[in-house]
Structure formats: structure tokens, C-alpha cells
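Asks: how would this look folded up:
(chains A and B)
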There are 2 protein chains.
Amino acid sequence: MTHLTPQSLNQHVLKVEYAVRGEIAIKAEEYRDKLKTPGHGLPFDSVVTANIGNPQQKGLDQNPLTFTRQVAALLEYPPLMDLGKDIFPKDAIARARELYAEIGSLGAYSHSQGVPFIRKNVANFIAERDGHPSNPNHIFLTAGASAGVSLIISMLLSSPKSGVLIPIPQYPLYTATLAQHGGVPIPYYLDEGAGWATLPIDIERSLDKAISEGVEPKALVVINPGNPTGALLDEKTMKDVLHLCERYKLTLMADEVYQDNLHQRDKYPFTSFKRLLREEKSIVPLFSFHSISKGVSGECGRRGGYFECANVSDEILALIYKMVSVGLCPPLSGQIGVDCLVRPPKEGDESYAQWKKETDSIHEALASRTKVMAERLNALPGVSCVDSPGALYLFPRLDLPPAAVEAAHKAGKAPDHFYAVALLDETGICAVPGSGFGQKEGEAHYRLTCLCDGVDEYVGKLERFHLSFMKKYGGL
Amino acid sequence: MTHLTPQSLNQHVLKVEYAVRGEIAIKAEEYRDKLKTPGHGLPFDSVVTANIGNPQQKGLDQNPLTFTRQVAALLEYPPLMDLGKDIFPKDAIARARELYAEIGSLGAYSHSQGVPFIRKNVANFIAERDGHPSNPNHIFLTAGASAGVSLIISMLLSSPKSGVLIPIPQYPLYTATLAQHGGVPIPYYLDEGAGWATLPIDIERSLDKAISEGVEPKALVVINPGNPTGALLDEKTMKDVLHLCERYKLTLMADEVYQDNLHQRDKYPFTSFKRLLREEKSIVPLFSFHSISKGVSGECGRRGGYFECANVSDEILALIYKMVSVGLCPPLSGQIGVDCLVRPPKEGDESYAQWKKETDSIHEALASRTKVMAERLNALPGVSCVDSPGALYLFPRLDLPPAAVEAAHKAGKAPDHFYAVALLDETGICAVPGSGFGQKEGEAHYRLTCLCDGVDEYVGKLERFHLSFMKKYGGL
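Replies: Have a look, this model is predicted:
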């Protein structure tokens, strides 16, 4: 009937895959609706959304940081700066007044690169973090890190042979964006046995193989702390990565959105690629991405973030500006979120004590949940799990009995997909199979967020499900 | 030095042009900064931003609608629903509570297609507008109309031969998006002599010509009311366009973001393509776009809008869902803006009187400014201007003296670009040359927003500039 068919479309679209919100997540939504009907007949009372790092969603309900929301509310409705003097702390009102003087109405398009004043604050934040200067004109505010990553990848791909190195397992934004724009993913494997370490020698092997097959490598993606692995790169590895980028003339894309989600700060600190780039006096072009969706901010719905360009010429910066100007500007509510991320209340400010209490409790809860979950998962037969020092996830490995693998293949599913569907069907827990992130041939994993409260009940369900699954397929 | 050069990039990027925020707009920003320094030496005291439809920007300061901002502030900081009972009207609090119950925290990712409840409200708005039902599952909330347009065009282009019909003059998002994704723009010319009318016979001529040159037309773009022209299509023309899309198997993209900016409602009413599609029982696939950035809402900075799909199969809808899910979700502040756009206060509500007063005054100011500006422009020698019945702009035509055209060519500029640069340099008024929107070979135009207050002073400057320009080049 209609001429608008999948076959008539851009065929790249058909190849895009994004498991985090894919088939299993859609099924979980359907269950959530079904639970609202009396006598729903499902073997669980609630859906546990462990598929996506979305701390403030219903059912998880991590509270937003009060200071951020107060500033945002005051800017949404500026008469509150006077009318609400008895409701809002003085520093929140002062911050809102300062931003209002710079921005004016949140309802106006800003500079396409982001409000200049906020970019200056981001540059100060970076300079303080790294001990090296940062230029506000080299910073682009974005609608979340994803928007920036997608833009830069789309600009770097100059032919269908253009390739981008991505860690496996990876956050599927990278493969999805490459599929969308017709680029070649060049996988390099992280070493699970060494806590999901990045091995420059493996990157080089993947590079050489790709080049021998006619691929033209353009860029290297590093996710640090890792998603889904939570692993952090040490400085030695980072320097090796930089030198490798220099040798192979690669642009480095550093996805650093989890830089503030560190559960073992002393043992596994975060080092930015920007700092090492400057220390090594490297000439590698670097794009580093940050976001308000993660960290203790968790403001996913605002869509805010930024990327910083280093060793990127004015000519290229002008081209990036042109491309973002077509989309007019990033959402102002996200830009406000970025300002609050890089300028939280300071000691002595009226809001400091509350901010400190809120952020400490988020850090502590995440670290303790991650630890408990990893311990209990590791105690299960056929499960091994790297104790993640960063980010929001665990990525346990499943050693499934042959009968389960066979049943999965019969159902036309990857074994970990089969497992994740059964987990959802029986417990209401929605996780993402490892195949959505990539893994070695024949392996099985799944990604689980560590955001859910009530770990005891939640992991208890997981344990009971796993044991019965293993029993059913002769693994016990 | 660095290997990241323009030559190393996706070459489509180099071809993208977006004049609305291009060279002249960048120069205007520089002047604005320079004006802050004492003894700036510029021949004007302020920059008048007439290049972009951005009603709430500094210097224009169209007030946001109070109801929208109150609801948004309450959702940003939910404790205000109690703490602010003496500040906020009851209906704003009730609306915020209703939305909060549906959405939860604004800091959480929503459904990738947009909050289901808000999509239901959009569907009701469309059904009421058109008298034909609308399905919430066929609606995608977006980060402004641009994001939706860009997504759909990128999905429709299946080969470098794929073409999209665009009106000339057009809003340059269309040519920019086609350049970015390597599609072929197929221009069809609007008839300036007939008030920028759309002539289906001209569309057909362009189509046949493109096909004979090996282009494969995929879609037809109609901007109604027009940007930059302000023209409205009548029902007869719209029906002809629909039938033409049927005959040529084209997808129709209806950019209807100015549907509520009507200055002569009785004579030039707005009819949606969706309504005629249903009335004609047409099978043409239609994407229609709306936005919170225009109309009386003017909330550009929130980045909100939606598109509705009609005659689009579930298979295609699933593909669109997959693509938007990679970007996670549209900004929640934009989604809230959409809800307020489609559900303004009703008669009897506490906020209705204020809402009515605010929106009436925006409509009246825009209509009267547009009329006065068109009259005064038409009184100038060498200027003719269609009295725009819709949108936010005028697009006057310049009949420049030969010496001015020669001077422009010597400077390596299109004549209207040359004129617009001189206008900015001498008066601080930032307009966009017609070449940025497209026009017939040898013609000269510029686009001017009708958003500036103080029309008398502003148009006075324009008149004095124009007369001195004409005199300088022997046109008087």
C-alpha cells in the first residue's frame, strides 16, 4: 500500500542497534502497564529497571540535588527571586540572579556553543581539576554527552572505510552511531581477567588487523571509568594510549561521563586524558565528554553535558560551531545543570551542608550497593563478577550449562539474551544482555545497574532466579 | 602539525550552510561585545537582532507565558507545590501535581518517544484542531522541530541520488540537513508576485526535471505558514500537493511550526495537512512538525516540539523509535513546554485571564508590527515587500542599483549579503541576506524578524540606511 517501507529507507538505519532501550526494555514497559490491571497474573509485583543508568526514575527515586533544583526553579520563574525569599537559601537566589543577568530568559536560544559565561565556568572547573588551563572557546555545551559523541563521530567519518576503535564491551551508543553514519567499528577487547583492563597492545593488534583489511582508522574511543565495566585506566596505560594515537594519527574520544562515580577513590582515582595530554605535551586531537546525567547529579532528563576540544584547530572548531548552529542551541535547562555541576556550593555557603550530605549519601549508597551486589553475585554458581571501582554498573559473566545454551539457540536467541528474558519474565528485573555491549564469541554477560534501593530484596530475587534457572538446565 | 584537518573530515560537513547563525550573525555578536567597551567607536549604541525568531532573547524580551513558567518552576522544585501555595495560582499547582504524578522527577530520562501522558494530550489537541482522531503512539516529542526534521530527512535518504523537494525561499535547516546527509535538494520556487504562493505546477516541473537528471525524489517539504515568507497555503493548493505526492510516491513533510502566528486569521486561516489528508482519504505518508519555540509560546531555549506521523506503518514507527532511543529522550523541560502549549488554561481557570491577556498582546503586537514594517518598507525606493499574513518575518525584495551590484561582486559577495553587511556595520541591525534562504538567480532579498519593540526607531534606522545606501550607489 504505502511506498514508505523499510526497504525504501536509508539502509544504515536498519543496522542500528541499541539494546539498552531495546526489545527487553520495551517488554519491561509492557509488564509495567500490565501490573496496573487487577489480576494481572504476573509472578511479580513490580518491574525493577536495572537496564539503564537513570537514577531519578520512578521506583529508584534518587533525590535530585536541592541546590540545582532551587536555582533551576528560580530561573524558570524569576519573580520567585523576590517572592520566594523565605523559601530559598540566599546562595541559591544569588546564583540564580547571577545566571539571569548573564543569560536572560531560559526561553531564548543561547549561543549555539552554549552560554559563554557557563563555558567559562566549565573551563575553570577543568583547569582546577587538571592543573592545566582550559579555553572556554574550545568547549561546546551539549544535550547530554550522547549528542556530542554522535556529532563528532559523524564529522570524523570521511568514507565508508573510515573506522573507529571501540572497547568491547562498550556502551552501544558507539556502535549505533557508527552504524547510523556508515562507519566501521574496530573492536578492541578489554581484559576481564585483569579487571577489564585496557591493553594498548591489544588495541594495536586490532588496528593493524583493520588496516590490513583496508579500513582507515580515524579515532579511538576510551570510556573511563568504563561502561558497562566500571574499570578505570591507570596513568601508564593512558600514556601508552596517547602515544599510540600519535603514531597512528588517531583522534582520541574520551568518554569521561562517570568521572565522579568512584567507589574506591584511593585505589582507583580518575585521571583525565586532558591532563595527561598536557603533561605529555601530546599533539593528539582530543575530544573529552562529560555529562550531568551521571555522577551525583543524575539529571538525565535535563539533557546537559559538554565536550572539550584540545589540539583542535580554529578551522575545525568553526566547522563544529557551524554544525551545532543548525540545531540552534543545547537546552537551557541542561546548561543550567552544567553550571551547577561545575560550581556546586562551597564551604561557607548556606547550601553547602545540605549539598555535602546529599552527595555523600549518594556516593556511599552506590559504593556499598556495588560491593554487596558483586559479593553476592560472585557467590552464585556459574557467575563471576569484577568488583567495579567506578560508574553505575556491574557486568557479571555467566557460565551457563550446555542445555541452557542449546535452549537459547533453539529459541533463536543469544544465551545471555535468553537468560535476561527469563529473568524479566520471572522476577520483573530488567537487565541488558552482554550481547548488547559486545563480548568475546561464546561468552555470556549481562549489565545490571547498581542504583536500586532495597538491594537485599532485589539481589534475593536475582539469586533465587539464577539458582532455579541453573537447576532447570542441569547446571546444579 | 595535527592530522585533524578539514580535508580529513566527512566532506559533507564542509558543504553545510546555515546563514541564520552564519557570518553576519557572528559579526553582530562581536559588535555586541565591542559595545561594552568605553569609546567603542561604533556608529550605533545597540545591536538589533533581527536575524532569528527568538522572541525572548535579551533586547527583545517578549515575556514568557506566566502559566507555563509557573508549572515548570513547580516541577523543577516540587516542594514549592506546598511551600508556594501563596505564590502560585491553584490551577498551576494542580497542573504541576498532575504532571508530577505522571512523570516523576524531571531529572529522569522519559520514554524515548516522550512522556506517554503528554503525547496523549498532544493527540487530543490535534484531534480538536482537525476534527479527526490522532494516535499518541504516532507522536514523537522532540528537542524542537529541527531535531525531528533532521531525523526524518536522515532516515529517508537512501542513496546519494535521493532528493527532497524544498520551497525556495526556504528555512535553511532543510538545505543544511540535506548537505549533511548527502541528499539532493530539489528546489521549487514560490511565486513572489502572488504573495509567495505555492504553485503545484511548478513543483511538478521541478520534479520532472530532477527525475530526468537521475535524481530519486523521496519527499516534499512544505513550510506553512512560510518561513521566511509568512505565506499560507489555501486548501485547494494543499489538496493538489497531496495528490501530487500520491502520484509521485512522495513522503510529505509539513513544517507547521508557525500555525499559531496568524496576523490575518479571517482572510488567511491555517489548515493542517493532517486534516486534509484525512478528508481526502489520502494514503500519502505525512510527518507534520510543531514547536514550542514559535507561536505565542516563544520558548526556544527549552528545546521542545513534536512530530505526528500519519499513514506510517508500525514497522517504520519502530525504526523511528529505535533511532530516537539512541539519543535517550527529548529534554523534559521541552516536554513540559509542549504540555502547556497543547493544554493552556481554559475559561474559568484561575490563570485564564492572565493567559488571555498575555497571548492577545503578543498576537496584536506581532500583527501590527508586521503591518507597519511592510508599509514603510514598501514606501522605500527599490524595496518591495509582501505583507506577510503569518510567521514572524518579512522578506523584502531589493532592487539594487547596478553600481551596488558591481561593488558587491568586487567584494566577492552576493549583492544582498553586501547590503546586509553594510546594514549591520552602519546601524547595528542584524538581518539575514536572501541568499541564505534561496531566491531566483539575480534577485536580492533579506529576512527581517518582526519581533523588535520600538518599531519606529528601528524602521527609522533601516530607512535612513537604505536611502543613504541607494544614494551612494546612484540609485536615487
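Asks: Show me what the helix or strand of chain A with the lowest mean pLDDT packs onto, helices and strands only.
Replies: Of all the helices and strands that make up chain A, strand A:48-49 has the lowest average by mean pLDDT, DSSP states H and E, namely a mean of 86. Counting contacts by 3 or more Cβ pairs under 8 Å, 6 or more residues apart in numbering or on different chains; DSSP states H and E, strand A:48-49 is packed against strand A:429-430. The C-beta positions use only the backbone N, C-alpha and C, and glycine is treated the same way.
Asks: Would you mind identifying the next helix or strand past the strand it packs on?
Replies: Per DSSP states H and E, the first helix or strand lying C-terminal to strand A:429-430 is strand A:432-433.
Asks: what's the following helix or strand past that next one packed up against?
Replies: Helices and strands here follow DSSP H and E; after strand A:432-433, the next one along the chain is strand A:446-449. Where contact means 3+ Cβ pairs under 8 Å, 6+ apart, strand A:446-449 is packed against strand A:393-394, helix A:415-427, strand A:432-433.
Asks: any idea of the mean pLDDT in the following helix or strand past the first one?
Replies: Right, the one you point to is strand A:393-394. Scanning the chain past strand A:393-394 towards its C-terminal end, the next helix or strand to appear is strand A:397-398 (assignment: DSSP H and E). Averaged across strand A:397-398, pLDDT comes to 96.
Asks: quick one: contacts of strand A:397-398?
Replies: Outside strand A:397-398, the residues within contact range by Cβ atoms under 8 Å, 6 or more residues apart in numbering or on different chains are A:192, A:382-385, A:415-416, A:419, A:434, A:443-446.
Asks: Give the buried residues for stretch A:257-267.
Replies: Within stretch A:257-267, the residues that qualify as buried are A:257-263, counting by 16 or more other Cβ atoms under 10 Å in any protein chain shown.
Asks: wait, I meant stretch A:433-445
Replies: The neighbour-count check on stretch A:433-445 (16+ other Cβ under 10 Å) flags A:433-439, A:443-445 as buried.
Asks: still on that earlier bit, partner strands of the least confident helix or strand of chain A and their direction?
Replies: strand A:429-430 (parallel) (DSSP bridges).
Asks: so how far is the partner strand off the chain centroid?
Replies: Strand A:429-430 sits 19 Å away from the centroid of its parent chain (Cα atoms, centre = their mean, to the nearest Å).
Asks: Averaged pLDDT, that strand. What do you get?
Replies: Strand A:429-430 shows an average pLDDT of 92 in the prediction.
Asks: Same question for stretch A:370-390.
Replies: Mean per-residue pLDDT for stretch A:370-390: 93.
Asks: tell me how far the ends of it are from each other?
Replies: Using Cα to Cα, to the nearest Å, the end-to-end distance of stretch A:370-390 comes out at 9 Å.
Asks: List the buried residues of it.
Replies: A:370-371, A:373-374, A:376-377, A:380, A:382-383, A:385-390.
Asks: Other residues contacting that stretch?
Replies: Contacts of stretch A:370-390 from elsewhere in the structure, counted by Cβ under 8 Å, 6+ apart, are A:192, A:195-196, A:225-226, A:229-232, A:258, A:261-264, A:267-268, A:270, A:394-401, A:448, A:450, A:455, A:459, A:462-463, A:466-467, A:470, A:475-476.
Asks: repeat that for 7 Å
Replies: For stretch A:370-390, the surrounding residues in contact (Cβ atoms under 7 Å, 6 or more residues apart in numbering or on different chains) are A:192, A:195-196, A:225, A:229-230, A:232, A:258, A:261-264, A:267-268, A:394, A:396-400, A:450, A:455, A:459, A:463, A:466, A:470, A:475-476.
Asks: And stretch A:4-15, by the same measure?
Replies: Outside stretch A:4-15, the residues that touch it by Cβ under 7 Å, 6+ apart are A:179-182, B:154-158, B:251, B:285, B:312, B:315-316, B:319, B:323.
Asks: Which one of the buried residues of stretch A:257-267 is nearest to chain B?
Replies: Proximity to chain B was ranked across the buried residues of stretch A:257-267 by Cβ to the nearest Cβ; first place goes to residue A:257, at 12.4 Å.
Asks: Using the record's assignment, carve chain A into domains.
Replies: With domains defined by automatic domain parsing, chain A comprises A:6-62+A:357-472, A:109-342.
Asks: What mean pLDDT does the last one get?
Replies: The reference is to domain A:109-342. Averaging pLDDT along domain A:109-342 gives 96.
Asks: Show the contacting residues for residue A:134.
Replies: Taking Cβ under 7 Å, 6+ apart as the definition of contact, the neighbours of residue A:134 are A:123, A:126-127, A:308.
Asks: re the thing from before, keep the buried residues of stretch A:433-445, but drop any that are not near chain B.
Replies: With the criterion set as Cβ under 7 Å from any Cβ of the partner chain, no member of the buried residues of stretch A:433-445 is near chain B.
Asks: Looking at the contacts of stretch A:4-15, which are in helices?
Replies: A:179-181, B:154-156, B:315-316, B:319, B:323 (DSSP state H).
Asks: farthest pair in the residues you listed?
Replies: Spanning the widest gap among the ones in helices among the contacts of stretch A:4-15 are A:181 and B:315, at 22.3 Å by Cβ to Cβ.
Asks: With neighbour numbers in mind, choose between these two.
Replies: Neighbours around residue A:181 and residue B:315, counted as other Cβ atoms under 10 Å in any protein chain shown, are more numerous at residue A:181. The numbers are 21 against 10.
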